[in-house]
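K.L.:
Pasting the sequence and the predicted model now:
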Amino acid sequence: MKLMIGLGSCGIASGGLKVKDTFSAMAKENPDINLILSETGCMGMCYKEPMIELIDDDGLGTVYGGVTPEIAKEIFEKHIIGGAPVEEYVVMKRDGSGPEAGFITQQQRIVLSRCGRINPESLDEAMAMGAYKGLEKAIKTMTPAEVVEEVLASGLKGRGGAGFPTGLKWKFAAAPVSDQKYIICNADEGDPGAFMDRSILEGDPHSVIEGLVIGGYAIGATEGYIYARAEYPIAIKRLEIAIKRAEERGFLGDNILGSDFSFHLHIKQGAGAFVCGEETALIASIEGQRGMPRMRPPYPANKGLFAKPSNINNVETLANIGWIILNGAEKFASIGTEKSKGTKVFALAGKIKNGGLVEIPIGASVKDVVFDIGGGTSSGKPFKAVQMGGPSGGCIPANLVDTVIDYDTLAATGAIMGSGGMIVMDEDNCMVDIARYFLNFTQSESCGKCTFCKIGTKRMLEILERITKGQGEQGDIEKLELLADQIKRNALCGLGQTAPNPVLTTLRYFRHEYEAHIRDKKCPAHQCKPLIIYEIDPEKCIGCTVCAKKCPVDAISGSLKSPHVIDQPKCIKCGTCLSACKFGAISVD
Amino acid sequence: MCNCGKENSKYFEPFETVLSEFKGEEPDLIPILQRLQDAYGYLPEDIIRRLSERTGIFISRILGVATFYSQFKLKPSGKHTIKVCFGTACHVIGAETIAEAICDELGIALGETTEDGEFTLESVACLGCCSLAPVITIDDEAYGRLTPTKVREVIRNFKKEAQAV
Ligand SMILES: Cc1cc2nc3c(=O)[nH]c(=O)nc-3n(C[C@H](O)[C@H](O)[C@H](O)COP(=O)(O)O)c2cc1C
Ligand code: SF4
Ligand code: SF4
Ligand code: FES
Ligand code: FES
C-alpha cells in the first residue's frame, strides 16, 4: 500500500504535517505492515484539507479529507491494517465514486494532471506519468523551428494575464541572432488571492522545467531563470530539488539527452513587489535594480535581460508545453473554443463552498465553475458576483453567470481571463468596498514612475474612501470615470493601465450601490461600517443577555429579562451581537 | 564609521560569510540583502555601509533597492511576527475585522511593534492558503478560518504559551 499525504501550502497550514507524523509513528509501531509513506502537492480540493490518498495494492486510490491525527489513527487501524475504507471520511475514490468526486471528474486536467498525484520531489514518479517525454520528442525528432510552429499551431495563449499567443512570442525571440539569449519563467504570482502557479510549482515542478527547456531549445536560449515570489518558500525548495534531479538525469545542463543543446537554469527570488510581475520590471529586478517598468519597444524579445534577446512566460503557460509537444498541436487545439484553445486553471476562493484548484476546458461557463464544481456560496446566501483577474480584472455579476470562459467573451464583460484568480462574493459583500480594496492595492504597489498611475490612482482611492465613509458627493462617480479613462490611456505599464478596471466593472454592474452610498449614505450590503447601525428591537428582545456577554467592547447593557440597548458611540459594528441573538431582535441598517 | 565597539566583535562574521558566497556584483544585490536580512533579522545601517564599502555599490543604490521591495526591513522586528493576510479571499471574508481585533488586543497598529518588543504586526497580500480564509500567521505558523473572537483567543493562548516556555 502507498500513502500520500497532501503537503501543499494549504495542506501544511491545515495541519498536514501532524497527520504525517501520526502515520509515520504508527508505521514504526507496525513494522510488518507493508506501507510506503510519501507526500504530494495540492490535490485540488483545498476545502477538504488535510487530505491523504491511500493507494491499495491493486492500484485503487482512496482520498480522505479533513484528516486529524485522531482520524489518521482510525484510518491506519481500519483501512491500512484492516483493509476496509473508513467511508465516513472518504472524499472520493479514483474510480470516480465518493461524495466529492464530482469536483475532480468535472475537470479536465492537462496542466494539473500530475499535481497531487505524485511526490513532487521524485523525478521517477513524474516520469512514470509522462514528464520529459515532450522534451525527448522535441530534442530527438524536431528542429527548433518545428517546435515553434507546433506551439503556434496549438493556439496556446499566455496564461499570465495578457493572453498573447505563445508561439508568436517564441517566433519573435527565436528571430534575432545573438551570442546569448534567455528564457524566463514568471512565477511572481502577484494577484492577491490566486494560487494556481504556486500549486503547480509545489505539486509538479518538472512540468515547468520541461517547458523551459523546450522553450530554450526553440528560441535558442542556453540560460533560463525562474523568478519566484519570495512568499513561496515551499515552491522554491521543491524547484531547487527538481532542478538537481533533472540535472542528474540529463534533462538539464550540458548536452541534454546526448544532443549538442545545453541549458542551465537558475532561480531568482522576488522581494515583494507586485509590479515585478510586469516583464520589464521583472528583468530589472533580476539585474539587481529597483523593479520599475520601462518603455517598450525595445521588446524583451530583442533587448531583454542583460540587454540580450529574452522570452518571458508564465508558469502555467510553460506547464502546457510538454503536453503539447508530446500529444501534438492538433489534440490541444481540439480543446477549447474557436479562438481560445486548451484548458485554464483557476484558483477558486472567497465565499465558495468548495474552494480549491480547478482546471476546466476553455469554453465552460462561470456557472460550471462556481456552482457545478464550486458548489455555490459557502454562506448559503445568494451569489452576487465573481471577481476575475485580480487587481487588473473585474467583477462578473450573478446575472451574467452563464458567461463563457474564453479570452474574448470575458473581455466583453469588462472583466478579464486574468491569471486565474476567482473570488466568489455573496450578497454581504459591498461592491464599492471591493473596488476600494483593489485600488488600495494597486495604489500602494504603483512603482511611482509615471504620474497618472502614481497620483491618479491616489485621487481615485481618496474618492472611494470618502464614499465608503459616507462622505461621498454628487459628481464623484463622474470624477472616477474621468480619472479612470485618463489613467488607462496614459500609464506606462499594465499595472496602471488596468488599475481602474475593478472600479469600472463595479460601476457598470453595481452603479446603484455607489449611488446608495453617495446619495442615501447607506451601504446596501451592510459592510461599510460608518454607514451602518445595529439596533435592538425592544419588542422582540427577551433580555437573555447573550449579546451583552458577547460584545467585545461592552457596548450593550440591560438587565436580565428586560430589553437591552446598544450604546451607539461605543459600538464598533463588529456584528457579533447580530449573529449571537437567537430571537431575531437585532437588526442592521 | 560607527564607533559602537562592534568592530572587533563577532558581529560582522555572518556578513563575511554571506559576502563570500557572491561575486558582489550588482545582479547579486537582492540575494545578498535577502541573506543578510536572514542573518540579522533586518538590514542594520552599519551592515549596509560595510556592504557598500566592500562591493563598491553606492549606498544610495543599496537603499534604493532596500526601500523599493517590501520584503526588506530597516528596523528590527519584535520577537514574534504576526502577519495578517489582506489578500482578496481573506478580504471578502473579513480580514479587516480580524486585523481590528488583533490591533485592539495588542494595543498597536499595523506595521508597529509592541512596547515590550514581543510582537510585530504586519499585513501581507495572500499567504497562499486562501481556502482557510481569513488567515494569519504567527512566526510562520498559520491559523485559519478565524473570527474576531477566535483570533483574540489565538493571541491570548500564544502569549500564555510563550510565557510558560
Ligand atoms: C503589474 C503586472 C503584474 C503582473 N504579474 C504577473 C504575474 O504575477 N505572473 C505572470 O505570469 N504574469 C504577470 N504579468 C504579466 C506579465 O507581464 C507577462 O505578460 C507574462 O508573464 C507573460 O507570460 P505569458 O505570455 O506566458 O502569459 C503581470 C503584468 C503586469 C502589468
Ligand atoms: S503605470 Fe504605475 S506601476 Fe507602471 S510604470 Fe507607471 S507608475 Fe509604475
Ligand atoms: S441576544 Fe437578543 S434577545 Fe438576548 S438580550 Fe440581546 S437582543 Fe435581547
Ligand atoms: S493546497 Fe491542499 S488541496 Fe490545494
Ligand atoms: S487571500 Fe488570504 S491566504 Fe490568500
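P.N.:
All right, it came through fine. Ligands and ions are numbered 1, 2, ... in the order given.
K.L.:
Just the buried positions in stretch A:85-99, please.
P.N.:
By 16 or more other C-beta atoms under 10 Å in any protein chain shown, the buried positions in stretch A:85-99 come out as A:P85, A:V86, A:Y89, A:V90, A:V91, A:M92, A:K93, A:R94, A:G98. C-beta: built from backbone N, CA, C; applies to glycine.
K.L.:
how long is that stretch end to end?
P.N.:
14 Å (C-alpha to C-alpha, to the nearest Å).
K.L.:
Equivalent analysis for stretch B:25-32, please.
P.N.:
Span of stretch B:25-32 from end to end, C-alpha to C-alpha: 10 Å.
K.L.:
Determine how far that stretch lies from the middle of the whole chain.
P.N.:
Relative to its chain's centre, stretch B:25-32 lies at 20 Å (C-alpha atoms, centre = their mean, to the nearest Å).
K.L.:
what's the average pLDDT for that stretch?
P.N.:
For stretch B:25-32, mean pLDDT is 95.
K.L.:
and if you look at stretch A:118-137?
P.N.:
Mean pLDDT, computed over stretch A:118-137, is 98.
K.L.:
Output the buried residues of stretch A:85-99 in a markdown table; the columns should cover pLDDT.
P.N.:
Supplementary listing: the buried residues of stretch A:85-99 in a markdown table, determined by pLDDT from 0 to 100:
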| residue | pLDDT |
| --- | --- |
| A:P85 | 96 |
| A:V86 | 97 |
| A:Y89 | 97 |
| A:V90 | 97 |
| A:V91 | 97 |
| A:M92 | 97 |
| A:K93 | 97 |
| A:R94 | 95 |
| A:G98 | 95 |
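K.L.:
Tell me the one of those residues nearest ligand 4?
P.N.:
The shortest approach to ligand 4 among the buried residues of stretch A:85-99 belongs to A:V91, at 10.6 Å (C-beta to the nearest ligand atom).
K.L.:
would you say that closest one is within a helix?
P.N.:
No - going by DSSP: H, G, I helix; E, B strand; the rest coil, the assignment for A:V91 is strand, not a helix.
K.L.:
show me what contacts the closest residue to it other than its chain neighbours?
P.N.:
Counting by C-beta to C-beta, 6 or more residues apart in numbering or on different chains, A:V91 lies nearest to A:G65, which is 3.9 Å off, once chain neighbours are set aside. Each residue near A:G65 by C-beta atoms under 8 Å, 6 or more residues apart in numbering or on different chains is listed here: A:M45, A:K48, A:E49, A:P50, A:M51, A:Y89, A:V91, A:E100.
K.L.:
Equivalent analysis for A:A84, please.
P.N.:
Contact partners of A:A84, counting by C-beta under 8 Å, 6+ apart, are A:K78.
K.L.:
Which parts of chain B are helices?
P.N.:
B:13-20, B:29-40, B:45-55, B:59-68, B:88-92, B:95-106, B:148-164 (DSSP state H).
K.L.:
Out of those, flag the one nearest A:L265.
P.N.:
Among these, the nearest to A:L265 by C-beta to C-beta is helix B:29-40 (15.9 Å).
K.L.:
Need the residues that contact the closest one.
P.N.:
A:230, A:268-269, A:271, A:285, A:288, B:14-15, B:17-19, B:21-22, B:24, B:43, B:47, B:51, B:55, B:57, B:61-62, B:65-66, B:69, B:71-73.
K.L.:
One more pass at 7 Å, please.
P.N.:
Outside helix B:29-40, the residues that touch it by C-beta atoms under 7 Å, 6 or more residues apart in numbering or on different chains are A:269, A:271, A:285, A:288, B:14-15, B:18, B:22, B:43, B:47, B:51, B:57, B:62, B:65-66, B:72-73.
K.L.:
Now do the same for A:H264: helix, strand or coil?
P.N.:
A:H264 ends up strand, using three-state DSSP.
K.L.:
What's the separation between the spatially closest residue to it that is not a sequence neighbour and A:G253?
P.N.:
Nearest non-adjacent residue to A:H264, counting by C-beta to C-beta, 6+ apart: A:E223, 5.5 Å away. With distances taken as C-beta to C-beta, to the nearest Å, A:E223 is found 12 Å from A:G253.
K.L.:
of the two, who's got more company?
P.N.:
Ranked by neighbour count (other C-beta atoms under 10 Å in any protein chain shown), A:E223 and A:G253 place A:E223 first, with 19 against 16.
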